[in-house]
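> below are the sequence and a predicted model for it; my questions follow.
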Amino acid sequence: MSTETADPGHGHSPAAWTAVIIMLVAVALGTVFFFLDIPALVWASAALLVVGLLVGWALARAGYGVGGSKIAAKAH
């Protein structure tokens, strides 16, 4: 009795990885700048967080997202 479901593969794409890495760097830098009490750079880190979101969205629209036309499907 095997009830295997197809994995949608969400999050395993160049678009997702790029967005997450940019946003992770933004949060890490924002934390450091908050600790050092540099408000201008904290806000710059918040802007970088939004940039990461936009880059991920743009790459997904360009075909680098899950099921996109520019990535090769991996066999599991």
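Perfect, I can see it now. Numbering: from 1, shown residues only.

> report the buried residues of the helix or strand residue 57 falls within.
Taking DSSP states H and E as the criterion, the element that holds residue 57 is helix 39-59. Neighbour counts over helix 39-59 (16 or more other C-beta atoms under 10 Å) mark 41-42, 45, 48-49, 52, 55-56, 59 as buried. Yep, even glycine has a C-beta here, placed from its N, CA and C like the rest.

> reformat the residues you listed as CSV; add pLDDT.
Listed next are the buried residues of helix 39-59 as CSV, based on pLDDT from 0 to 100:
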residue, pLDDT
41, 98
42, 98
45, 98
48, 97
49, 97
52, 97
55, 96
56, 93
59, 93
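
> before we move on, the earlier item: just how off-centre is the helix holding residue 57 within its chain?
Chain-centre distance of helix 39-59: 11 Å, with C-alpha atoms, centre = their mean, to the nearest Å.

> so that it lines up with my notes, have the first residue be 148 from now on.
Got it, first residue is 148 now, which makes that one helix 186-206.

> other SSEs contacting it?
Judged by 3 or more C-beta pairs under 8 Å, 6 or more residues apart in numbering; DSSP states H and E, the packing partners of helix 186-206 are helix 161-182.

> tell me the SS of residue 214?
Under DSSP: H, G, I helix; E, B strand; the rest coil, residue 214 falls in the coil class.
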